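S.K.: For reference, the sequence and a predicted model appear below.
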Amino acid sequence: MRRTSLASFAFATLVSVGAVEAQTVKIGYINSAEIVQSAPGSAEAQAQFDTELQSAQDEIERLQTEIQNLDQQLQQQQLTLSPEAKANRQQQLQIKAQEYDQRAAQLQDQANTRRAELVQPIMDQITAVIETLREEGNYGMILDAAAGSIISADPTLDLTQEVLRRLEAAAAAAPGGGQ
């Protein structure tokens, strides 16, 4: 009986100590969407991506037009075509549509890879600033409001503007910064 009450007392003590420690955890939050959108270099990376993406979009449009033209020709000539010629044209149209789907998927994969390449250095900078801010401010954790997990929070805990200020200061201090 005594062991049980001693164990219960030890457990209760640990829980209450844990509760006191949990009350002293400092928490902050950021809005990652706002940071990524406003971070130095983001607009330039997006402009470069858009420029590079234009040739892929042009190719997709050209392939779409080619498929539409083949379909339109088939529709216009189907009454005058023999059953074999009609089947051949339908098969050509199907092959072009499959080629289009494959090429569109390939171009989308390339675009996603390129976007990641352009954004990764910015994300690395953002992560470094957030980690430094967490360490300097003795934050136990920093949550992301853009992830949708914060229902309500004290606005004084929002570190978004501080992260942006530090990113801008780092960009201005870098060689060729502020351009």
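M.R.: Nice, thanks for sending it over. Numbers count the residues shown, from 1 in each chain.
S.K.: Any stretches of the chain with poor pLDDT?
M.R.: 1-23, 177-179 (pLDDT under 70).
S.K.: Show me where it has its helices.
M.R.: 2-23, 32-38, 42-77, 83-136, 160-173 (DSSP state H).
S.K.: Switch those helices over to CSV, and while doing so, append distance to residue 145 to every line.
M.R.: Any C-beta I mention is one placed from the backbone N, CA and C, and that applies to glycine too. Shown next, in CSV, are the helices of the chain (distance: least, C-beta to C-beta, whole Å):
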stretch, distance to residue 145
helix 2-23, 22
helix 32-38, 8
helix 42-77, 18
helix 83-136, 13
helix 160-173, 8
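S.K.: quick one: which of those is nearest residue 143?
M.R.: Proximity to residue 143 (C-beta to C-beta) singles out helix 32-38 among the helices of the chain, at 10.0 Å.
S.K.: Please point out which parts of the closest one sit buried.
M.R.: Going by neighbour count (16 or more other C-beta atoms under 10 Å), the buried part of helix 32-38 is 32, 34, 35, 38.
S.K.: Does anything pack onto that helix? Which helices or strands?
M.R.: Applying 3 or more C-beta pairs under 8 Å, 6 or more residues apart in numbering; DSSP states H and E, one finds that helix 32-38 contacts helix 83-136, helix 160-173.
S.K.: could you check the angle helix 83-136 makes with the shortest one?
M.R.: Spelled out, it's helix 160-173. 90 degrees (axes from the mean of the first three to the mean of the last three C-alpha atoms, to 10 degrees).
S.K.: Which residues outside stretch 67-86 are in contact with it?
M.R.: Applying C-beta atoms under 8 Å, 6 or more residues apart in numbering, the contact partners of stretch 67-86 are 89, 90, 92, 93, 96, 97, 100.
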